[in-house]
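> model the structure of this input:
(one chain, ligands or ions: 1)
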Amino acid sequence: MIIDIKSTGYQNDVSRVKLYTEGKKLKAHVMTFGCQQNEADSERARGILLDMGYELSDNYRECDIILVNTCAIREHAEMKALSMLGNFRAVKKNNPDLIVGVFGCMAAEPTVMEKIKKDFHYVSFTFEPNMLHMLPSLVLAALEKSKRTFVIGEDKGDIVEGSPVYRVGDFKAWVSIMYGCNNFCSYCIVPYVRGRERSRRSEDVLSECKELISNGVKEITLLGQNVNSYRSDISFAELLERIALIDGDFTVRFMTSHPKDVSEKLILVMKKYSGKIAPYFHLPLQSGSDSILKKMNRSYDRERFISVAKKLKTEIPGLALSTDVIIGFPGETEEDFEDTMNVLREIRFDMVYSFLYSKREGTKAASMTDFVEDSAKNDRMKKLLAEQDIISYEMNQPYVGNVCRVLVESVSKRGGGDTYTARTGSNKLVHFKSDKNSIGNFINVKIEKAGAFDLFATEINNI
Ligand code: SF4
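All right, here's what the predicted structure looks like:
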């Protein structure tokens, strides 16, 4: 069900919180672990905090409220978030009125929630990722010094529209179009902590995009755990087409896609609107071995993946393709790993994000017993990185000598103050020197040199 935030009691709770915050200059900090979806949720949390009368601060030590948006994808991410929570003990000692709240994927795990309840007595509340509209009521309960609140199991799969958003940047924006996942890949915790798939109404997505573009946003990234399985009154391909038809000088990207949901129509739309839709596709392979793909419950085989990847590359001009690979999934043999390497050699991805498999409690794969030795995993990783570096380097060479339209993003970390970092539509990082700060604008550059991970350019006469 789609619910308007105004019908949730949100406004009433905000007004009551304001009675505490008004005129006090209370400060708030939101700390984010994990993916872009979490970054987008944190922007909404910041919008709600501002709505309640808090000022935002980058320094959590001086704050009256700290919110931690957590990630559950790997146990390592959980350890990091819990260790950060430990740091707040001292802050609470200095400021007994400090409110600490935890949300995001970890907060949807009953065992973690129990641990926080027991070991972190200064955490006032936790809530699941889809319950951000409850934030004012939770803050209110903490301000009124009533009981600690742990919201879990309350997510009914609704989408709450109309929440305020405070966006960190002014020329790039994330727009969530769907939440949750139905795929239950055997290594992944997401369907358990973010629930089943549900899509926003196309009219809500379109009006958000129109507003962003009219406010000068140059790049919109559509987000979803499984973005191309978006289904509302229209399909993902149709939604993308309608966004591409909005007037204005902007690019639209999307992530993350599932190979099983790449439709003919999506490829046609990307080809037709190549000026507006970035020629970049992240298509997670995970493994090139059919038996491992089956154990992963990925619902495609190697042949289907290769045919989708090749079709994307041949149909969409200038497309860059990237992928994810998990190394050392339970039962992965040397032959299985070679199957993966053969797919990388055949497809020649522009970029491969590779991860060593690590056991994630709560997933089906955690009960598998045929674990791969760390030494074998590390050897395979080394081999993959060495070969892929060469492929990425070779994939970047055709850019040399070309003029590319890029969006300037920031001052480059690789040069002095006059070196900037930009991004091509195909998602390549470009460094160039300029005496003019064009951050937030599209400009043309000539690529002079290409490495495996970056392109180096000179600015050309931009009119
Ligand atoms: S598609 Fe698979 S890996 Fe991606 S979020 Fe869903 S379950 Fe996790």
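> run through the neighbouring helices and strands of the one helix or strand Arg405 maps to.
Arg405 belongs to strand 403-411 when assigned by DSSP states H and E. With contacts defined as 3 or more C-beta pairs under 8 Å, 6 or more residues apart in numbering; DSSP states H and E, the packing partners of strand 403-411 are strand 419-424, strand 442-450, strand 454-459. Backbone N, C-alpha and C define where each C-beta goes, glycine included.
> export those strands to TSV and tack on distance to the ligand?
What follows is the helices and strands packed on strand 403-411, written out as TSV (distance: least, C-beta to the nearest ligand atom, whole Å):
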stretch	distance to the ligand
strand 419-424	24
strand 442-450	31
strand 454-459	28
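> just those: most buried one?
Across the helices and strands packed on strand 403-411, averaging neighbours per residue (mean count of other C-beta atoms under 10 Å) puts strand 419-424 on top, at a mean of 22.
> what pLDDT does the residue of the stretch 1-150 of the chain at minimum distance from the ligand get?
Minimum separation of the stretch 1-150 of the chain from the ligand (C-beta to the nearest ligand atom) falls at Ile73, amounting to 8.3 Å. pLDDT for Ile73: 89.
> contacts for stretch 34-53?
The set of residues external to stretch 34-53 that reach it, using C-beta atoms under 8 Å, 6 or more residues apart in numbering, is 14, 17-18, 21-22, 26, 28, 30, 32, 56, 65, 67, 69-71, 73, 77, 103-105, 129, 132, 135-136, 139, 163-168, 174-176, 179, 221, 223-225, 255.
> residues from the stretch 151-300 of the chain in reach of the ligand?
Counting by C-beta under 6 Å from any ligand atom, the stretch 151-300 of the chain comes close to the ligand at Cys181, Asn183, Phe184, Cys185, Cys188, Val190, Pro191, Gln225, Asn226, His258.
> so how do I select the buried members of those in PyMOL?
Selection of buried members from these for PyMOL, criterion 16 or more other C-beta atoms under 10 Å:
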select buried, resi 181+183+185+188+190+191+225+226+258
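> can you lay out the residues of the stretch 151-300 of the chain next to the ligand as a markdown table showing secondary structure and distance to Ala45?
What follows is these, written out as a markdown table (DSSP: H, G, I helix; E, B strand; the rest coil; distance: C-beta to C-beta, whole Å):
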| residue | secondary structure | distance to Ala45 |
| --- | --- | --- |
| Cys181 | coil | 22 |
| Asn183 | coil | 27 |
| Phe184 | coil | 28 |
| Cys185 | coil | 28 |
| Cys188 | coil | 24 |
| Val190 | helix | 20 |
| Pro191 | helix | 23 |
| Gln225 | coil | 19 |
| Asn226 | coil | 23 |
| His258 | coil | 27 |
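> could I get the residues of the stretch 151-300 of the chain next to the ligand as TSV with pLDDT and distance to Ala90?
Shown next, in TSV, are those (pLDDT from 0 to 100; distance: C-beta to C-beta, whole Å):
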residue	pLDDT	distance to Ala90
Cys181	95	38
Asn183	95	42
Phe184	96	41
Cys185	97	39
Cys188	95	35
Val190	92	33
Pro191	93	37
Gln225	93	36
Asn226	93	40
His258	97	43
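> which of the residues of the stretch 151-300 of the chain next to the ligand sits closest to Asp435?
The closest of those to Asp435 turns out to be Gln225 (C-beta to C-beta; 42.9 Å).
> and that closest one, what does it touch?
Gln37, Met178, Tyr179, Gly180, Cys181, Val190, Arg194, Glu197, Thr256.
> show me the contacts for the closest residue to Gly53 other than its chain neighbours.
Nearest residue to Gly53 in three dimensions, chain neighbours excluded: Thr21, at 3.4 Å (C-beta to C-beta, 6 or more residues apart in numbering). Contacts for Thr21 (C-beta under 8 Å, 6+ apart) come out as Met52, Gly53, Tyr54.
> which other helices and strands contact the helix or strand hosting Phe125?
If you go by DSSP H and E, Phe125 is part of strand 123-127. The contact analysis (3+ C-beta pairs under 8 Å, 6+ apart) places strand 123-127 against strand 99-104, helix 110-119, helix 135-143, strand 149-151.
> how about the ones you listed, which one is nearest Tyr399?
strand 99-104 (37.5 Å).
> which residues touch stretch 379-389?
325, 327-328, 337, 340-341, 344-345, 349, 352, 354, 356, 452.
> hmm, try it at 6 Å
Contact with stretch 379-389 is made by Ile327, Phe337, Val352, Ser354, Ala452, as judged by C-beta atoms under 6 Å, 6 or more residues apart in numbering.
> so how do I select the buried members of these in ChimeraX?
In ChimeraX, a selection of the buried entries from the contacts of stretch 379-389 looks like this (16+ other C-beta under 10 Å):
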select :327,337,352,354
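> not counting its neighbours along the chain, what's nearest Val123?
In space, and not counting its chain neighbours, Val123 is closest to Val100: 4.9 Å by C-beta to C-beta, 6+ apart.
> perfect, that will be all.
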